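[1] Okay, sequence plus prediction incoming.
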Amino acid sequence: MAPFTYGIWIAVSALAGMLLLIVECRKGALKKGTASWLALFSLPLALFGARLCFCLSRFSWFMEKGLGWLFSIQDGGLMMYGALAGLLLSALLTSRVTSQPFGKILDAAAAPGMLTLALGRIGDLAAGLGYGWPIGDWFSVDAMDPDEFSGMSLFHLEDASFFERLPFAVEDNYYGDMRWAVCILVGVIGLVLCAVLLGMRGRKAGDRGIMGIAMTAVLTVVCESLRQDDVTRWGVAGVVKAGEVISAVVLLLCFLICVLRMEKPRKPSHIWPYGALFVASMGLVMAMEFALEKKIPFLTWMPMDVCYLLVMAASADMVLMIGEVWKRSATDKK
């Protein structure tokens, strides 16, 4: 990874996404030139949106740094939801220019967008980002001392050197210790989700696009939960992670959109079981996040790896519930 700068790796990720986009546009029987138009719009809009969103999320710091910091992409600092907003706007513009349905263009962009995101997450290594807890502390018996970490893992190893290497760990440039390589884990999950999207065929234009956005939100929840580096936080105590808050809103919107696209008549019995499980899973993620921060006294006994596993399981369940409602969506009328 050392020969690549962060900016170069992002460019490589975008190129890979563009190549897959060409294939997806052909498979989706879109007009010739659709991929070119979408790439022309999305490359600048997604990159600018990602950087702008990051800068605005740290507005006071942005004002201190000055306007020039907006264009210092090589320093790191891109927010995925800004890129997603740029991609949606690009799909809308492409729809207008080529006179094709917005949903079909969004479907074609779903897997390429996930591929770009997954490779971009791995590229966080080049920027010294995307790492979790120190490996030594994670498996240490001393880490179970209530005066220190109040418990990190169910497992304790006297020698954790096996995990202190790629792809498990990455060196923290500031402290020099080896930490969990969250960026690699999230990148691999993203590649799996890309494969799932490639094999998905919706019943209605826009179905795969909606599921792609939902998967992106869940991937962000997992990423933000595991990361212990420079993550954007909100609130007086800095407990709330911005990415997870935005992801919760996006997931809720995806669920509601799928409900509105269900076959009519929409009966409460077709919705409430999935809605209840969706809300319960979202609540579990929130509870585990506060448990990880040791803000819930009666949950301080829980090892952190158990909390993370519950976050992942609950996040996966939210996508599954959206998927169940999506399966009931009405077909396009011929």
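    On my side now, so go ahead.

[2] In which helix or strand does the residue sitting nearest the centre point of the chain reside?
    By C-alpha atoms, centre = their mean, the chain has its centre lying nearest to Thr220, at 2.5 Å. Per DSSP states H and E, Thr220 falls inside helix 207-226.

[3] tell me how far that helix is from the chain's mean position?
    5 Å (C-alpha atoms, centre = their mean, to the nearest Å).

[4] which residues does Cys53 contact?
    Under the criterion of C-beta atoms under 8 Å, 6 or more residues apart in numbering, the contact list for Cys53 reads 79, 81-83, 85. Every residue, glycine included, has its C-beta placed from N, CA and C.

[5] rerun that using 10 Å as the cut-off
    Counting by C-beta atoms under 10 Å, 6 or more residues apart in numbering, Cys53 touches 77-86, 232, 242, 246.

[6] Give me the spatial nearest neighbour of it, chain neighbours excluded.
    Gly82 (2.7 Å; C-beta to C-beta, 6 or more residues apart in numbering).

[7] which residues are in contact with the next helix or strand after the helix holding Thr220?
    As assigned by DSSP H and E, the chain's next helix or strand after helix 207-226 is strand 233-234. Residues outside strand 233-234 that contact it (C-beta under 10 Å, 6+ apart): 57-58, 224, 239-245.

[8] ok, of the residues you listed, which one's closest to Gly130?
    Glu224 (10.8 Å; C-beta to C-beta).

[9] quick one on the thing from earlier: and the pLDDT for the residue nearest to Cys53?
    Gly82 carries a pLDDT value of 91.

[10] With just CA atoms, put the helix or strand of the chain with the lowest mean pLDDT into PDB.
    Least confident helix or strand of the chain, by mean pLDDT, DSSP states H and E, is helix 59-65 with a mean of 70. C-alpha atoms of helix 59-65 as PDB (Å, rounded to 0.1, in the frame of the first residue of the first chain):
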ATOM      1  CA  PHE A  59     -17.600  23.100  10.500                       C
ATOM      2  CA  SER A  60     -15.600  24.800  13.200                       C
ATOM      3  CA  TRP A  61     -12.400  23.100  12.100                       C
ATOM      4  CA  PHE A  62     -13.200  23.800   8.500                       C
ATOM      5  CA  MET A  63     -13.600  27.600   9.300                       C
ATOM      6  CA  GLU A  64     -10.300  27.500  11.100                       C
ATOM      7  CA  LYS A  65      -8.500  25.700   8.300                       C
END
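
[11] Buried residues of the helix or strand following it, list them for me.
    As assigned by DSSP H and E, the chain's next helix or strand after helix 59-65 is helix 80-98. Buried residues in helix 80-98, counting neighbours by 16 or more other C-beta atoms under 10 Å, are found at 80-88, 90-91, 93-95, 98.

[12] How about stretch 156-163?
    160, 163.

[13] ends of it, how far apart?
    One end of stretch 156-163 sits 13 Å from the other (C-alpha to C-alpha, to the nearest Å).
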